[in-house]
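Chemist: the following block contains a protein sequence and its predicted model.
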Amino acid sequence: MDDFAADPSHPRYQSLLLRHRLEEAEKKGMLAGSAMIAHGRGEAFDYLIGETTLPSAKAATVRALSALKSAQHPVLSLNGNVVALAGKEVLLLAEKLDCPVEINIFYRTPERMNALLHHLEAIKLAEHIDVEILGAEPNAKIPGLKGPRANCTKEGILDSDVIMVPLEDGDRCEALVNMGKTVIVIDLNPLSRSARMGTITIVDELTRVLANMIQWSGDDVELSQSEAYDNDAILAQALAHIAVKFSGQDN
Ligand code: ATP
């Protein structure tokens, strides 16, 4: 991939690879100025979690997959970091779920939208992935948000019943929840506003979540959505894991 030359046996190979993807995306104009800061905050929490999928994150992932599979109008919302870090994987998941993806970025400029669309279209072509990419021509607004970040498409985000918003900001997450949608958040920070606002929050690293979802998407995960699910308990378990780890009690 490009000029990435790190040795896969390097203990921080995965972290270096993700940083490299962001650097490349930055050169192509795909990212907002704050993209690296957001990634750094995620990396810090991943250290605390132990760079692994916790049992609570696995439970949330299965729940999220089940909600997506039983939805009438599921959609995967993508921002710049998601496209840069996992453009191929997110398209593969959308293909397996038979749902569209929608580019929905906080700092919207025509140049950034074009760069993101171009990147995803190139992956689609190279990998023969058949997925609808929405967002280029917004025709609706998310109620309760001001400015360009309210823009969305009616056939995608507006009419969706289940929406996955990896790495979303708290305000938009809250606005989507207020619309009555099932909102699936992926966020390594169990304390972020998005994590606390989401209907189902997966406290895990984006690329690990997508790999798990792709692997499990063929499994029989269609749980009854009325079955008890407690998102606050999932967040508390992630925090408890961090606390126990650093109190030395897990030795
Ligand atoms: P909020 O408004 O929800 O409190 P925030 O301002 O803390 O969010 P943002 O900068 O909007 O955060 O988004 C970055 C969030 O995404 C952080 O909480 C960070 O932990 C998380 N994050 C960054 N990279 C990843 C990743 N690769 N996988 C999962 N989560 C990530």
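Modeler: Looks like it came in fine. Numbering: from 1, shown residues only.

Chemist: quick one: the helices in the stretch 1-150 of the chain?
Modeler: 13-27, 35-49, 55-69, 80-97, 110-127 (DSSP state H, counting those that start in this stretch).

Chemist: below-threshold pLDDT in the stretch 151-251 of the chain: ranges please.
Modeler: Applying pLDDT under 70 to the stretch 151-251 of the chain picks out residues 221-226, 248-251.

Chemist: sorry, back to before: between the helices of the stretch 1-150 of the chain, which one is nearest to the ligand?
Modeler: Closest of these to the ligand is helix 35-49, at 2.5 Å (criterion: Cβ to the nearest ligand atom). The C-beta positions use only the backbone N, C-alpha and C, and glycine is treated the same way.

Chemist: ok, residues contacting that closest one?
Modeler: Contacting residues not belonging to helix 35-49 are listed as 15, 18-19, 22, 25-26, 80-81, 84-85, 167, 187-190, 203-206, 238, 241-242, 245-246 [Cβ atoms under 8 Å, 6 or more residues apart in numbering].

Chemist: the residues you listed also near the ligand: which ones?
Modeler: Filtering the contacts of helix 35-49 for proximity to the ligand by Cβ under 6 Å from any ligand atom leaves 85, 167, 187-189, 205-206.

Chemist: check the residues you listed and tell me the two furthest apart.
Modeler: Comparing every pair within those by Cβ to Cβ identifies Leu85 and Asn189 as the most remote, at 15.9 Å.

Chemist: those two - which one has more neighbours?
Modeler: More crowded of Leu85 and Asn189, by other Cβ atoms under 10 Å: Leu85, with 24 against 20.

Chemist: so who does the more buried one touch?
Modeler: For Leu85, the contacting residues are 18, 21-22, 39, 206-207, by Cβ under 8 Å, 6+ apart.
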